[in-house]
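In: Okay, sequence plus prediction incoming.
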Amino acid sequence: MKKNSLRLLDCLWAWTLLLGTLTGRSYGQPSIQDELKDNTTVFTRILDRLLDGYDNRLRPGLGERVTEVKTDIFVTSFGPVSDHDMEYTIDVFFRQSWKDERLKFKGPMTVLRLNNLMASKIWTPDTFFHNGKKSVAHNMTMPNKLLRITEDGTLLYTMRLTVRAECPMHLEDFPMDAHACPLKFGSYAYTRAEVVYEWTREPARSVVVAEDGSRLNQYDLLGQTVDSGIVQSSTGEYVVMTTHFHLKRKIGYFVAKCYFKIHRGAVPPCRAHFVQRREMFYTGYFHYHLHFYLWT
């Protein structure tokens, strides 16, 4: 009888160990579900502590230091360019990074990976595009925004934008013209005594265009350069970051377009393409170029 009882206990013990193995549980060790639950609880507590008493109306370092915002841009699509409206369209991932000591934390993780919901609860730079005619933040299927907070209070804020921006053009050399289309941005409300902007990396890597990012038919995108400066207005001095995208017109595209129109008996529209801004040029100048490029 005693031996049977011992065998029964051994069987129960073995069965318990087997169940523990199958469910990921062993004596003295929490299950995966328990660990996930604990991590979620810790994560929630950290976020609650960060926002406890936090005022997102106040910039970091108010009254103590200037807030430094580091930026860089990844261009996913450049174009089209409109000569008539002197503007261009660009799709970008716009990245900003700054430090907010109020958001320091201690925990098992070193980085908090968050979405746009958290971004609305903290201070973010009031960046705008000086030469932007229209800017759209993508919201499908959710706002395309990313937020990372490291344990020392450094934030990375990334958003996907489509910007239609002005591009002043000088068409005197048309159709052999080249242009530098600017993209200018900075703080709307904060002067350089409060918020300054810097490029995150060296100039050659601060603005990058994807290899397949050009959406241009009539231009070649030769490259881009970056710069920064100070703009004086009636309300103070502001830091302005500038990127110039360098374009050169494709002669072959223009000639082919006009040649096709001529063979369709549409010479006047082709001539009109030259003189659409006739207030800036002499008609005879364009007629000369038309005959030169088409018949020589």
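Out: Received, thanks.

In: going forward, measure contacts and count neighbours with C-alpha atoms only.
Out: Will do.

In: From A137, how far out is the residue nearest to R113 when sequence neighbours are not counted?
Out: Counting by CA to CA, 6 or more residues apart in numbering, R113 lies nearest to R148, which is 4.9 Å off, once chain neighbours are set aside. Computed as CA to CA, to the nearest Å, the R148 to A137 distance reads 19 Å.

In: Who has more neighbours out of those two?
Out: Just comparing R148 and A137: by other CA atoms under 10 Å the higher neighbour count belongs to R148, 18 against 14.

In: How is the more buried one assigned, secondary-structure-wise?
Out: Per DSSP: H, G, I helix; E, B strand; the rest coil, the secondary structure class of R148 is strand.

In: Identify the bridge partners of it.
Out: Judged by DSSP bridges, the bridge partners of R148 are R113, L156.

In: So which bits of stretch 175-187 are buried?
Out: Neighbour-count burial for stretch 175-187 flags P175, D177, A178, H179, A180, C181, P182, L183, K184, F185, G186, S187 (criterion: 16 or more other CA atoms under 10 Å).

In: and the fifth one, what is it in contact with?
Out: Applying CA atoms under 8 Å, 6 or more residues apart in numbering, one finds that A180 lies in contact with C167, H244, F245, H246, L247.

In: and which of the residues you listed is nearest to E198?
Out: H244 (16.1 Å; CA to CA).

In: Tell me how many other residues surround the closest residue to E166 other than its chain neighbours.
Out: Ranked by CA to CA, 6+ apart and with sequence neighbours excluded, the top spatial neighbour of E166 is E87, at 4.4 Å. By other CA under 10 Å, the residues close to E87 number 21.

In: so E87 touches F78, yeah?
Out: No: in this structure, E87 is not within contact of F78 by CA atoms under 8 Å, at 11.7 Å.

In: I'd like to know which of the buried residues of stretch 175-187 are part of helices.
Out: Among the buried residues of stretch 175-187, no member falls in helices (DSSP state H).

In: For the residues you listed, give me a markdown table that also has distance to V231 and pLDDT.
Out: Converted to a markdown table, these look like this (distance: CA to CA, whole Å; pLDDT from 0 to 100):
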| residue | distance to V231 | pLDDT |
| --- | --- | --- |
| P175 | 33 | 81 |
| D177 | 29 | 86 |
| A178 | 26 | 93 |
| H179 | 23 | 95 |
| A180 | 20 | 96 |
| C181 | 19 | 97 |
| P182 | 15 | 98 |
| L183 | 15 | 98 |
| K184 | 11 | 98 |
| F185 | 11 | 98 |
| G186 | 10 | 98 |
| S187 | 11 | 98 |
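
In: Name the nearest of those relative to K99.
Out: Nearest to K99 out of the buried residues of stretch 175-187 is S187 (CA to CA; 16.3 Å).

In: Could you report the distance from the closest one to E101?
Out: For S187 relative to E101 (CA to CA), the value is 21 Å.

In: cool, and F129?
Out: 27 Å.

In: of the two, who's got more company?
Out: Higher neighbour count among F129 and E101: F129, with 20 against 13, using other CA under 10 Å.

In: Okay, and the beta partners of the more buried one?
Out: Under the criterion used (DSSP bridges), F129 bridges to F185.

In: what sits against it?
Out: Counted by CA under 8 Å, 6+ apart, F129 has contacts L183, K184, F185, G186.

In: name the element the nearest residue to R59 once chain neighbours are set aside belongs to?
Out: Nearest non-adjacent residue to R59, counting by CA to CA, 6+ apart: W123, 6.2 Å away. Following DSSP states H and E, there is no helix or strand that holds W123.

In: Tell me how many other residues surround W123.
Out: Counted by other CA under 10 Å, the residues lying close to W123 total 15.

In: How about the one 10 residues further on?
Out: A total of 13 residues lie near K133 under the criterion other CA under 10 Å.

In: In contact with it, which residues are there?
Out: Residues counted as contacts of K133 (CA under 8 Å, 6+ apart) are V163, R164, A165, E166.
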